[in-house]
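*Asks:* Quick check, what structure comes out for this input:
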Amino acid sequence: MDNLSHMDRETRAKQFMPFAALKGYEAALRAKEKIVVPRAELSEESRDALDLKFRELSCGKLVSVTYYDKSEYVKKEGMVSKIDTDARLLHVVNTKIRFGDIYSLEFIQRQL
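*Replies:* Take a look at the predicted model:
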């Protein structure tokens, strides 16, 4: 008799399990699937509206920020933890966002 007839079911099943020879290969493929988006130019009207919102901005406010990051647009929601005008950075929780990368800024009303 051959060895296959004496193997238990679990041992036999292991022979047919998928094998990932290259660790991280699947993640690398998914990263390559990302669509690169060019940075959009804001109209003068949009820049003025964004500037007005910046004037209302303060630490502790809840915001939703859409910004350009590494060839894609990202949306971050959270509390403003710091506004660094010298470095031109907005800190939303632990995320640092350059002022020049911000596409839109909305204030989130707290639910009671």
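*Asks:* Could you use CA atoms for every contact and neighbour count after this?
*Replies:* Will do.
*Asks:* Find the centremost residue of the chain, please.
*Replies:* Among the residues of the chain, the smallest C-alpha distance to the mean C-alpha position (CA atoms, centre = their mean) belongs to residue 74, namely 5.2 Å.
*Asks:* Ranking helices and strands of the chain by mean pLDDT, which lands last?
*Replies:* In the chain, no helix or strand scores lower on mean pLDDT, DSSP states H and E than helix 25-32, which sits at a mean of 70.
*Asks:* could you point out which element follows that one?
*Replies:* Past helix 25-32, further along toward the C-terminus, the next helix or strand under DSSP states H and E is helix 44-56.
*Asks:* which helices and strands sit right next to that next one?
*Replies:* Contacts of helix 44-56 with other secondary structure elements, assessed using 3 or more CA pairs under 8 Å, 6 or more residues apart in numbering; DSSP states H and E, are made with strand 102-107.
*Asks:* In its sheet, which strands sit next to the strand it packs on, and in what direction?
*Replies:* Strand 102-107 has the following sheet partners, assigned by DSSP bridges: strand 62-69 (antiparallel).
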